[in-house]
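[1] Quick one: sequence and predicted model below, then my questions.
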Amino acid sequence: MPDIISILNYFGITPEKITPLIILAITGAIYLGIKMKPLNNKLRQCCNALIEIQTILKRGGIDLDHKITETSASPLKPTLYGVQLIKESGLEKVLDDNKDFLIGEIKKLLPENYTEYDVQENSRKVLSNLKNNPILNPVKEYVFKNGMDIDIILDTGGLWLRDDFLGQPRQSANE
């Protein structure tokens with residue numbers, strides 16, 4: 001196997017030329033990072049708009065199968081974007097800090113011979129019912145500042161609450 005220095009020399013890249021190339025590459029990467037930030041913000045706005053449209057349609061009785069915040073696999077799991085929303089909104093900390101209380105609230109809603117599906121749906125219901133509870137203030141501030149619907153984050157976060165109730169590690173689409 002030829003060594004890397006021989007290959008670079010073959011292409012005319014000698015040690016004295018490598019430093020300017022590295023500086024140029026770093027400068028280019030920084031420049032692209034700065035130029036891409038507005039595009040990333042626009043893409044985020046588009047994702048939020050799509051989620052909002054889906055939420056409105058769902059309220060009207062039209063449930064789309066293509067969700068951005070959770071997978072369609074079984075069991076349902078947050079996508080990487082869903083996990084990002086749970087963490088950035090502060091919901092992860094709410095789930096961690098209030099685990100026992102939230103699990104107790106789920107137990108109040110579960111039927112006698114409940115299934116994992118019952119746990120999942122009641123986990124979502126518990127979070128939704130707590131919209132006016134001060135423990136969700138960080139999430140409400142996040143959705144207000146980002147122009148989002150809180151139900152999107154709470155529904156997705158309910159999947160982690162389900163995992164907490166079932167004593168399973170919190171799952172996401174990358175696992």
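    Perfect, thanks for sending it. The model shown is predicted, which means the values in this text are computed figures rather than measured ones.

[2] any idea how the protein splits into domains?
    The domain map for the chain lists 1-64, 67-175, with the assignment taken from automatic domain parsing.

[3] would you turn those into JSON lines with mean pLDDT and mean neighbour count?
    In this view, the C-beta of every residue, glycine as well, is placed from N, C-alpha and C. Shown next, in JSON lines, are the domains of the chain (pLDDT from 0 to 100; neighbours: other Cβ atoms under 10 Å):
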{"stretch": "domain 1-64", "mean pLDDT": "76", "mean neighbour count": "11"}
{"stretch": "domain 67-175", "mean pLDDT": "92", "mean neighbour count": "17"}
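
[4] tell me the contacts of residue 106?
    Remark: with contacts taken as Cβ atoms under 8 Å, 6 or more residues apart in numbering, residue 106 is in contact with 119, 122, 123, 126, 161, 165.

[5] again, but for residue 8
    Taking Cβ under 8 Å, 6+ apart as the definition, contacts of residue 8 comprise 14, 18.

[6] Tell me which of the contacts of residue 106 fall in helices.
    Using DSSP state H, 119, 122, 123, 126, 161, 165 are the members of those that sit in helices.

[7] which of those lies closest to residue 148?
    For the ones in helices among the contacts of residue 106, the residue nearest residue 148 by Cβ to Cβ is residue 161; the value is 19.1 Å.

[8] What sits closest to the closest one if chain neighbours are left out?
    For residue 161, the nearest residue in space outside its immediate sequence neighbours is residue 123; the separation is 4.0 Å by Cβ to Cβ, 6 or more residues apart in numbering.

[9] Please tell me how far that neighbour sits from residue 152.
    When Cβ to Cβ, to the nearest Å is applied, the distance between residue 123 and residue 152 equals 15 Å.
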